[in-house]
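Asker: prediction below, plus the sequence it came from.
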Amino acid sequence: KIANTLVKTLWENRLGCLSTQVLQEFYVTVTRKIPVPLPYQEASDIVAELGKWTLHLIAVQDITKAIDLQNKYRISFWDALILSSASRLGCHMLLTEDLNHGQSYDGVIAINPFVNHE
């Protein structure tokens with residue numbers, strides 16, 4: 001419910017930003033990793049809609065920055081790549097469950113929207 005509300009708010013206010021990596025991870029998660037997976041077409045339709053948000057296409061310089069972030073903060077490469085994309089998009093906040101809530105990673109603050117709701 002919290003995630004749905006956040007996505008709706010970001011959509012309505014045109015504030016959502018994503019990387020192609022996030023779209024890929026979303027698709028795999030909703031079609032394979034949840035108890036009741038979405039049908040492929042429904043998941044594809046959602047990906048197409050989310051693709052209308054501000055989108056970051058990952059480039060080599062994003063990968064090298066992610067490597068630096070991974071080593072600096074001792075986080076997974078994949079989380080570092082998402083941070084790299086957020087930084088390139090000019091985002092100051094990243095909604096995530098995977099990083100330390102409230103920590104700044106080179107100017108991008110990780111916010112866990114579920115931290116006070118668990």
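Answerer: Arrived safely, thanks for sending. Keep in mind that this is a model prediction, so the values were computed, not measured.
Asker: name the element the most centrally placed residue in the chain belongs to?
Answerer: Nearest to the geometric centre of the chain sits V22, at 4.9 Å (Cα atoms, centre = their mean). Per DSSP states H and E: V22 is located in helix 20-28.
Asker: for that helix, buried residues please.
Answerer: For helix 20-28, the neighbour count (16 or more other Cβ atoms under 10 Å) marks 21-23, 27 as buried. C-beta: built from backbone N, CA, C; applies to glycine.
Asker: ok, F114 touching L6?
Answerer: No - using Cβ atoms under 8 Å as the test, F114 is too far from L6 to be in contact (9.9 Å).
Asker: using the three-state scheme, assign G102.
Answerer: Here G102 is recorded as coil under DSSP: H, G, I helix; E, B strand; the rest coil.
Asker: that older thread, got the contact list for the nearest residue to the residue nearest to the centre of the chain once chain neighbours are set aside?
Answerer: What sits nearest to V22 in space, not counting adjacent residues and going by Cβ to Cβ, 6 or more residues apart in numbering, is I82, at 6.4 Å. Shown in contact with I82 (Cβ atoms under 8 Å, 6 or more residues apart in numbering): 19, 21-22, 94, 96.
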